[in-house]
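J.: Predicted model and sequence follow; I will ask about them next.
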Amino acid sequence: MPERTLSAIKADVGSNAGHLTPTDEVVAAIRDHLADAGDVLDDYLVFTVGDDVDLLLSHTEGEDDDGIHRLAWDAFEAGTAVAEEQGLYGAGQDLLEDAFSGNVRGLGPGVAEATFEERESEPILVFGADKTEPGSFNEPLYTAFADPRYTPGLLLKDSIHEGFVFEVMDMEHDGDDRVVRLEVPEDAWRLAALLMEPHRFAVRKVVSRATGEPVAAISTQRLRNVAGEYVGKDDPVAIVRTQKDFPSPGEVVQPFAEPPYVGGSMRGSHRGPYYPIGSDPAELPSYFDGPPLVKALGMVVNDGRFSEPVYPFDSSFWDTVREDTAREFREFRERQGSFGPGTLGADELEYGGWTDVVESMDDEWIVDPAGTAGEPTTTEPAADDD
């Protein structure tokens, strides 16, 4: 059996009512373009998360293949054309170049790809997110692949007990991609040190130490690094293989029951907890452009074809998580507003307005060489004539 490649590629090409969701016609145009691809694909799946359209493509062309990436690019352009006709907001927003140039990496869309020899049974999870950043998957992935408190397979199954290799990318490094490979459990603390800074470092791949096989692939593209300015959040996608020598689906989704706070929401510049959503298309980032959304799809790959997807977060169990998360996010917004941890750090704010405000006051600052600004003034008592 030839090696199988799964490519998850996403883009925002235009949305209804602001940054909420693409119309059915946009999604249909993208799906129709993939349907006309002929034999290049063994299967494909199109789904949405908030304002993003996510493609899952099954093929044997390998990673970074020009033909596969062009197919995805042309599909997004087909969706953009419909978005422009409908006057949708942000039409073609994530397509940062006028023409395809061999690979969608560096052109705007997010890409995660995994190549492997298909097992007898190949269950996978696919994650899509909206209103957040690539590093937002750091904590859930660390928990699922490196923390035995949550993944008992690390203690109970020999092949999982051997641990995993995390490939972490420095998203702020100029020039060629800079990555480091850390093995858990030995490097667990050093890995945690990197992942605590999700604005700069993000997990790109996870590999089994027992088998050498890829287990997870995550998109790490940052739109602002491509465009030179803020044009939208990066909204990662991820592919995770499960079962046998890898964590189970339950171990992989469990971290989202205590959702981490991630960067995103309103104007891409605030913090909020991940909000797990199911198959209901009415689940939108409708409060403060948030909370940040995460969707999971589960399926098996059989001879390159996908089974009918299931949505783990559809379960009624996750209703309690959603209720708690919604309450927590609302209270956090009401309590913090734009102060303190409510917003991202100054270097991560996604618009230039704050910088303009601060710079506009440059001539108004007063230098107080005595260092007494704000101190109470004291008056010496008058001399006693007696």
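T.: Yep, that arrived.
J.: For the rest of this, base every contact and every neighbour count on C-alpha atoms.
T.: Noted.
J.: which SSE is Ser159 in?
T.: Assigned by DSSP states H and E, Ser159 belongs to helix 158-161.
J.: Name the residues that touch that helix?
T.: Contacts with helix 158-161, where a contact means Cα atoms under 8 Å, 6 or more residues apart in numbering, come from 153-155, 208, 210-211, 245-247.
J.: Just give me how far it sits from the chain centre.
T.: 28 Å (Cα atoms, centre = their mean, to the nearest Å).
J.: and the contacts of helix 158-161, which are buried?
T.: Among those, those buried by neighbour count (16 or more other Cα atoms under 10 Å) are 153-154, 208, 245-247.
J.: okay if I get the residues you listed as TSV plus pLDDT, secondary structure and distance to Glu113?
T.: Listed next are the buried ones among the contacts of helix 158-161 as TSV, based on pLDDT from 0 to 100; DSSP: H, G, I helix; E, B strand; the rest coil; distance: Cα to Cα, whole Å:
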residue	pLDDT	secondary structure	distance to Glu113
Gly153	96	helix	25
Leu154	96	helix	25
Ser208	98	strand	16
Asp245	96	coil	20
Phe246	98	coil	17
Pro247	97	coil	19
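J.: Quick check: of the residues you listed, which lies closest to Val168?
T.: In terms of Cα to Cα, no member of the buried ones among the contacts of helix 158-161 lies closer to Val168 than Ser208, at 14.9 Å.
J.: which residues does that closest one form a beta bridge with?
T.: Phe164 (DSSP bridges).
J.: Show me what counts as buried in the helix holding Ser159.
T.: 159-161.
J.: Turn the contacts of helix 158-161 into TSV, including distance to Glu77.
T.: Listed next are the contacts of helix 158-161 as TSV, based on distance: Cα to Cα, whole Å:
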residue	distance to Glu77
Gly153	43
Leu154	44
Leu155	47
Ser208	37
Ala210	42
Thr211	39
Asp245	39
Phe246	37
Pro247	37
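J.: In the stretch 251-386 of the chain, where is pLDDT below threshold?
T.: 352, 371-386 (pLDDT under 70).
J.: ranges for the strands of it?
T.: Assigned by DSSP state E, counting those that start in this stretch, the strands in the stretch 251-386 of the chain fall at 261-264, 270-273, 275-277, 293-302, 305-306.
J.: Give me the residues contacting the fourth one.
T.: Spelled out, that is strand 293-302. Strand 293-302 has contacts (Cα under 8 Å, 6+ apart) with 49-50, 118, 121-132, 274-279, 284-285, 306-313.
J.: Pull out the buried positions in that strand.
T.: Neighbour counts using 16+ other Cα under 10 Å place 293-301 of strand 293-302 among the buried residues.
J.: export the residues you listed to CSV and tack on distance to Asp32?
T.: Output for the buried residues of strand 293-302, formatted as CSV (distance: Cα to Cα, whole Å):
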residue, distance to Asp32
Leu293, 26
Val294, 25
Lys295, 23
Ala296, 23
Leu297, 21
Gly298, 23
Met299, 22
Val300, 23
Val301, 22
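J.: okay, and for the stretch 1-150 of the chain, where does confidence drop off?
T.: Residues of the stretch 1-150 of the chain meeting the criterion pLDDT under 70: 1, 98-99, 101-103, 105-106.
J.: So which residues make contact with stretch 273-281?
T.: 48, 256, 259-262, 283, 291-296, 311-314, 318, 321-322, 325-326, 329.
J.: Which ones among the residues you listed lie within helices?
T.: Secondary structure from DSSP state H places 318, 321-322, 325-326, 329 of the contacts of stretch 273-281 in helices.
J.: will you turn the residues you listed into CSV that also has distance to Met196?
T.: Output for the ones in helices among the contacts of stretch 273-281, formatted as CSV (distance: Cα to Cα, whole Å):
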residue, distance to Met196
Trp318, 26
Val321, 23
Arg322, 24
Thr325, 21
Ala326, 24
Phe329, 21
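J.: got the residue ranges for the strands in the stretch 51-200 of the chain?
T.: 52-59, 110-116, 122-130, 164-170, 178-184.
J.: List just the one of those strands that sits closest to Arg149.
T.: Nearest to Arg149, of all the strands of the stretch 51-200 of the chain, is strand 178-184, at 14.5 Å by Cα to Cα.
J.: Give me the distance from that closest one to the chain's centre.
T.: Strand 178-184 has its C-alpha centroid displaced from the chain centroid by 19 Å (Cα atoms, centre = their mean).
J.: Show me the contact partners of it.
T.: Contacts for strand 178-184 (Cα under 8 Å, 6+ apart): 146, 163-171, 188, 190-191.
J.: How is the protein divided into domains?
T.: Per the record, the chain has its domains at 1-117, 118-370, by automatic domain parsing.
J.: Can you tell me which of those domains is most buried?
T.: Burial of these is given as mean neighbour count (mean count of other Cα atoms under 10 Å); domain 1-117 ranks first at a mean of 20.
J.: Next, the contact list for Asp303, please.
T.: Asp303 touches Glu118, counting by Cα under 8 Å, 6+ apart.
J.: From Ser58, how far out is it?
T.: 10 Å (Cα to Cα, to the nearest Å).
J.: Now the strands of the stretch 51-200 of the chain in TSV, please, with extra columns for distance to Ala72.
T.: Shown next, in TSV, are the strands of the stretch 51-200 of the chain (distance: least, Cα to Cα, whole Å):
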stretch	distance to Ala72
strand 52-59	8
strand 110-116	10
strand 122-130	16
strand 164-170	24
strand 178-184	26
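J.: And these: which comes nearest Gly79?
T.: When those are compared (using Cα to Cα), the closest one is strand 52-59, at 9.3 Å.
J.: Contacts for the closest one, please.
T.: 4-13, 21-22, 27, 40-48, 72, 128, 130, 235, 237, 304-305.
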